[in-house]
Structures are given as structure tokens and as C-alpha cells.
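Chemist: Here is my input, please return the structure:
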Amino acid sequence: MFQLTKISKAVAAIGLSTAVFMSQSIAATNDGANIASNATTNAVNKDNASNAKDTSPVTNGVSQKIAGNSKAATSLNKFLPTIKYTTDNLPTVAQKINTATWQEGTNIDRNIGTKLQALLNWHHSGVGAVDGYWGKNTRKAMQAFQKANGLSVTDNLNNETWQALTKNEKLMAQPVLVSYQLTDADIDVKTINIPAGAEAKAELDGMYYESLTEALAEKFHISEKYLKALNPNASFSAGETITVYNPGNPNTKPVSRVVADKSTQTLYAYDSNNNLIASYPTTVGSTATPSPTGTHTVEVKVHEPNYTYSGSDGSKSIIPPGPNNPVGSVWIGLSKPSYGIHGSPDPERISRQASAGCVRLTNWDALALLGVIENGATVEFK
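Modeler: You can find the predicted model right below:
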């Protein structure tokens, strides 16, 4: 929960014991100017909803590169890194995962688990950080997929669900694990040792990644441990080819309503026709700081927000933007003062930790949502 304080017509700062300053990270026009009250140049709104086209999640050597010139495509291409990949010289473990299939009664080992997580992600039922294991986030994603497709909602994978996940032959044939050649840009990311105290954090230039492998894991939507396990001998240097997860393409349909479900710890996204088009694992509030109730609207959208910590003595420490900022890389502020949807510095703990009343997503899910959620979209807490 964050208290809102205006700092410009378009930008708000948030804080009760904590706050976020939206500063220069508001969505900008093509010439770089800050956007005024709607903060929308790179976000899809109702006026252009009819121009937005659904992009197939099937990729062909390039992931997260959205075709077209809609505002959704413009935003998503700005926020999410384009990933060029091949399937050349994949190790045996990657080949097994790419060809894995499931049958009724078969245990979900890590090969099938990785394939299942990929298929759910590609159907826009997010599982969080891919790790290959059957767990609560994968189960929730499966149940969201079942709900979206009119299937029976179950606690375990069944044949009906697997058939629905795999009926698109092109999607089923898409590689889950791929070969990616590291570039200078991949390696030259800023890293920093992040101190514990808010005052010390406020002295930093940015809340950057703490390691190169953390940065790479977030880029490829995979757990850091799994990235290292897939590349046991990697030095992670420029020019080196590593094995990574293929994120596919995000949802490109405009989102006019989201439901933050506290019981399932899931954020459900709907289009203007009330179709469930995407879901994301989330942390919604806690016992100590519960999330609000009722229905609210999206008021402000910010990429790379600051965060201001207010001490018990009234002192304030402004923590700079970065992926390890307390609200991650995104702030979507609501009409309910002090509340919002935001990213996280710890994507692997989504649904496994508490939040201060807000809706917490992985940074990549928050960025994907930022690119398509409409101004004034309805946000319902359930």
C-alpha cells in the first residue's frame, strides 16, 4: 500500500511508510517528451483498440518482436527485449525437452514440466520464472488456461487440458529451449551490490542487477538456478552461445479489465468483450497489509519508477529506478490512493511472499501488461 502525492500533472509519488516517485520514467512520446495526464503514448487505449491485432505466440527465430504499428506493438517492442535464437547445436537435455510429450498417468518430470510451463506461457497463462518443476504457479496457470478455454478446472494435469494445450501444431513444434549467442549488450549490463538500508540504497546510481546471471535469467523469464543448470560450463561472455528458454510473444490484445484474485494469487486480464485473455501469478497483499476491496481504475502508468521510503522519524530516502527497485520496473497506479500494480525485484518469489497491499508481478509480466492495459481500465479486487 502506497500513499499518493502529486509531483506533476501526470506523475504521482506514493508512500505510507514507503512511496514511489514516477519521475522521468513515465511513458514518453517518440521525441522523448514526457506525456501529460494520460501517460499513454506507449500504451494501448480504447481509441486504438480496434487497430490492435492479435499476434501469434509462434516464433520463428525471433521472440518478443511484435509485428505491426499499433500502440500495443510499439509499447511491447520498447519494453521487452527482442530475442534472436536458433536451434543449432542444442545439448541433449534441450532436445529432450523440446520433443517431450505427456500422457495420462505419466509423471511430470523436469523435461515435461518445462514443456508444460512453456505451453502455458505461450497461451498467455503465465507461470512466473520457468524452472521445470510442477508447483503452485504452474498449477494456477493451468487452471487459468482451463478457465479461459471452458475446460473443467482441476488440481492435476489431465488429457483434456493437454490436448487443448497442444492442438496448435505449430505452437507445439516451437522450441522450448533454444541457442542464444550472447552479445556485448548482454554482457555490459550494470551490476551492483545492493545494501540493506534504504538510506544506503538512495545513494546508489540505480537499483541494477546484482549479477550478470540475474540479468540473463530475467531476460529469458527463467530461474537463475535453472539457467546455470542448463549451462554448467558457461563463462557467460560475449560471443558465447548458451541454452535459454524461449519466451515466445506476449499477449497483444488490449486489456480493459483486470481482476486481482486474493484467493488464487492470480491477476486475470480481460478484453472489452469480457474474454479472459491472459493471467499472471501475483502476490496480492498480506495479513498485515491487506489489499483493498472493490473496483478501481488505472490512473497512471510508469516505466522504471523511483521509490521513496519514509522512515518512522519522517525522513525520506528516494531509491533510484532499476529492476531491483522495491516495485521493480513498472508502476500502474490506481484511482484508489496508494495502491497499484507493479513489478518485483525477486521474480522467483512471486506468490510466495507478501506485498504491502498492492498487486506484485514479475518484471516481465508487469512490462507486458503495461504495454496493453488501457487508460481507465477497471481493476477489481476479489
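
Chemist: So which residue of this protein lies furthest out from the middle?
Modeler: Within the chain, the residue lying farthest from the chain centre (CA atoms, centre = their mean) is D313, at 34.8 Å.

Chemist: List the contacts of the residue nearest to T293 when sequence neighbours are not counted.
Modeler: Ranked by CB to CB, 6 or more residues apart in numbering and with sequence neighbours excluded, the top spatial neighbour of T293 is F381, at 5.5 Å. All C-beta spots, glycine's among them, are computed from the backbone N, C-alpha and C. Going by CB atoms under 8 Å, 6 or more residues apart in numbering, F381 touches 259-260, 262, 284, 291-296.

Chemist: I'd like the residues you listed laid out as a markdown table, including distance to V327.
Modeler: Listed next are these as a markdown table, based on distance: CB to CB, whole Å:
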| residue | distance to V327 |
| --- | --- |
| V259 | 21 |
| A260 | 16 |
| K262 | 19 |
| V284 | 14 |
| S291 | 15 |
| P292 | 17 |
| T293 | 22 |
| G294 | 22 |
| T295 | 22 |
| H296 | 17 |
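
Chemist: Closest to A73 out of those?
Modeler: V259 (25.4 Å; CB to CB).

Chemist: In terms of helix, strand or coil, where does the closest one fall?
Modeler: In three-state terms, and counting by DSSP: H, G, I helix; E, B strand; the rest coil, V259 is strand.

Chemist: Can you report how many residues lie near it?
Modeler: V259: 18 surrounding residues under other CB atoms under 10 Å.

Chemist: Specify the beta-bridge partners of it.
Modeler: Going by DSSP bridges, V259 is paired in beta bridges with Y268, E380.

Chemist: Okay, it and S312: tell me how far apart.
Modeler: Distance from V259 to S312, counting by CB to CB, to the nearest Å: 35 Å.

Chemist: Ok, A217 next?
Modeler: Distance from A217 to S312, by CB to CB: 35 Å.

Chemist: So between those two, which is more surrounded?
Modeler: A217 (24 against 6).

Chemist: How many residues are close by the residue lying closest to the more buried one once chain neighbours are set aside?
Modeler: Once flanking residues are discounted, A217 sits nearest to E224: 4.1 Å by CB to CB, 6+ apart. Neighbours of E224 under the rule other CB under 10 Å: 18.

Chemist: residue contacts, E224?
Modeler: 213-214, 217, 348.

Chemist: Pull the most distant pair out of the residues you listed.
Modeler: The span of the contacts of E224, defined through CB to CB, is set by T213 and E348 at 12.7 Å.

Chemist: quick revisit: redo the contacts of E224 as a markdown table? Include pLDDT.
Modeler: Listed next are these as a markdown table, based on pLDDT from 0 to 100:
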| residue | pLDDT |
| --- | --- |
| T213 | 98 |
| E214 | 98 |
| A217 | 98 |
| E348 | 92 |
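
Chemist: So which of the residues you listed belong to helices?
Modeler: Of the positions in the contacts of E224, 213-214, 217 sit in helices, assigned by DSSP state H.

Chemist: which of those lies closest to I83?
Modeler: Distance to I83 across the ones in helices among the contacts of E224 (CB to CB) is lowest for A217, with 13.3 Å.

Chemist: Check the contact between the closest one and L230; I expect there is one.
Modeler: No. Using CB atoms under 8 Å, A217 is not in contact with L230; the gap is 10.7 Å.

Chemist: contacting residues around S351?
Modeler: Counting by CB under 8 Å, 6+ apart, the residues that S351 touches are 128, 136-137, 140, 265, 281-283.

Chemist: likewise Q143?
Modeler: 153-154, 264.

Chemist: By neighbours, which of those residues wins?
Modeler: T264 (21 neighbours).

Chemist: neighbours around the closest residue to D88 other than its chain neighbours, how many?
Modeler: Of all residues beyond its chain neighbours, the one nearest D88 is S179 (5.4 Å), with distances taken as CB to CB, 6+ apart. S179 is flanked by 17 other residues according to other CB under 10 Å.

Chemist: Quickly list what S179 is bridged to.
Modeler: Applying DSSP bridges to S179 yields these beta-bridge partners: T86, T243.

Chemist: Please determine how far it is located from I242.
Modeler: Distance from S179 to I242, by CB to CB: 7 Å.

Chemist: what does E299 give?
Modeler: From E299 to I242 the distance is 41 Å (CB to CB).

Chemist: Could you do E224 as well?
Modeler: 13 Å.

Chemist: go on, L116?
Modeler: Applying CB to CB to L116 and I242 gives a distance of 23 Å.

Chemist: Which of these two has more residues huddled nearby?
Modeler: Between L116 and I242, counted using other CB under 10 Å, the more crowded position is L116 (24 against 19).

Chemist: Wait, that one touches W102, no?
Modeler: Yes. Applying CB under 8 Å, one finds L116 in contact with W102, separated by 7.0 Å.

Chemist: OK, contacts around M142?
Modeler: 116, 120, 125, 154, 157, 161.

Chemist: Okay then, goodbye and thanks.
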